[in-house]
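> Fold the stuff below for me.
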Amino acid sequence: MRLYVFDLGSLTSDRNLMVSMSHIAKIDDPECCNSLMEFPVPGFLIETEMGYILYDTGCHPDCMGENGRWPEAFQKQVYYRGDESNWIVTKLKQLGIKPEEIKTVVLSHMHNDHAGCIEYFPNAQFIVHRDEFDACIRCYATHRYMDSYIWKDTDVWIRQRHDWKFLENEDGDYELCPGVTILNLGAGHARGVLGLLVELEETGAVIVTSDAVYCSDNYEYEQAPGVIYDTLGWKRSLQRIKYIAKKKNAQVWFGHDRRQFDQLKLAPEFFYE
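The predicted model follows:
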């Protein structure tokens, strides 16, 4: 079994969205200005004897610009940098894999930088938390444009006939195949977040948190992110990740930590197994 790490570009936004209240005015700094923070957009591919498993799809390649899928105001708030080389389809092509070969796509959640390329995988079963799917569809039905659920992305794939599998809160974790388990983390950063536990023979156990934990500050100091749906749910999911990490002696890979990401081996040249 092999685990590939994809560099799907980067986002730049206010640091307070990553770590809440991290940059605020104080009595000795009353004119404190907000600061921008650049962070990676990762994706992951697991090669197993049962086929390929893709975890998250990144941003749509046409998200930016005057006619981009993201609203202009949203583009300025969450600025994406990337080109064709960062597109998930390009990353797969570098490994000799066609999108049609992907049979399982796990969506950690359905925000702009995780579910932007659903439309490119016609033969895949998409696994997502039901509450997260419902939230995305509600945003679509009510034409909420300034939201992390991108209306134009949804408008394309909702017209396609995809195979969906929904996990409920009461379902618990879900084993995809030996060594690959979906961690059903529930509400926190989003309405329903799915993490991933990959147990590799040589590398050992790896927990991929996605946005359940943005970065090391969220994990080590338990500082909540600024983008959060359920604060108490986020704290519960964080403690659960820490419990599993200790139990499995696992590495914990955060969702958008630049410093950590730059230390990982990136596809196509490298992989973990």
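
> now the helix or strand containing residue 132: mean pLDDT?
Using DSSP states H and E, residue 132 sits within helix 130-141. Helix 130-141 shows a mean pLDDT of 97.

> Residues contacting the helix or strand just after it, please?
Next in sequence after helix 130-141, counting helices and strands by DSSP H and E, comes helix 151-157. When contacts are defined by C-beta atoms under 8 Å, 6 or more residues apart in numbering, helix 151-157 is touched by residues 60, 69-70, 112, 115-116, 118-119, 136-137, 139-140, 143-145. Every residue, glycine included, has its C-beta placed from N, CA and C.

> Could I have the PyMOL command that selects the buried members from those residues?
This is the PyMOL syntax for the buried subset of the contacts of helix 151-157, where burial follows 16 or more other C-beta atoms under 10 Å:
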select buried, resi 60+69+70+112+115+116+118+119+136+139+140
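
> Out of the contacts of helix 151-157, flag the one nearest to residue 76.
The nearest member of the contacts of helix 151-157 to residue 76, counting by C-beta to C-beta, is residue 70 at 9.6 Å.

> how much space between that closest one and residue 79?
10 Å (C-beta to C-beta, to the nearest Å).

> With residue 248 instead?
Taking C-beta to C-beta, one finds residue 248 at 36 Å from residue 79.

> likewise residue 207?
For residue 207, the distance to residue 79 - C-beta to C-beta - is 29 Å.

> Output the contacting helices and strands for the lowest-mean-pLDDT helix or strand in the chain.
The weakest-scoring helix or strand in the chain, judged by mean pLDDT, DSSP states H and E, is helix 15-18 (a mean of 91). Applying 3 or more C-beta pairs under 8 Å, 6 or more residues apart in numbering; DSSP states H and E, we find helix 15-18 packed against strand 36-48.

> How are the helices of the stretch 151-273 of the chain distributed by residue range?
Under the criterion DSSP state H, counting those that start in this stretch, the stretch 151-273 of the chain contains helices at 151-157, 216-220, 231-248, 258-261.

> Take those helices and lay them out in CSV including distance to residue 48 and mean neighbour count.
Listed next are these as CSV, based on distance: least, C-beta to C-beta, whole Å; neighbours: other C-beta atoms under 10 Å:
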stretch, distance to residue 48, mean neighbour count
helix 151-157, 25, 17
helix 216-220, 27, 18
helix 231-248, 18, 16
helix 258-261, 23, 16
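
> tell me the contacts of residue 62?
68, 69.
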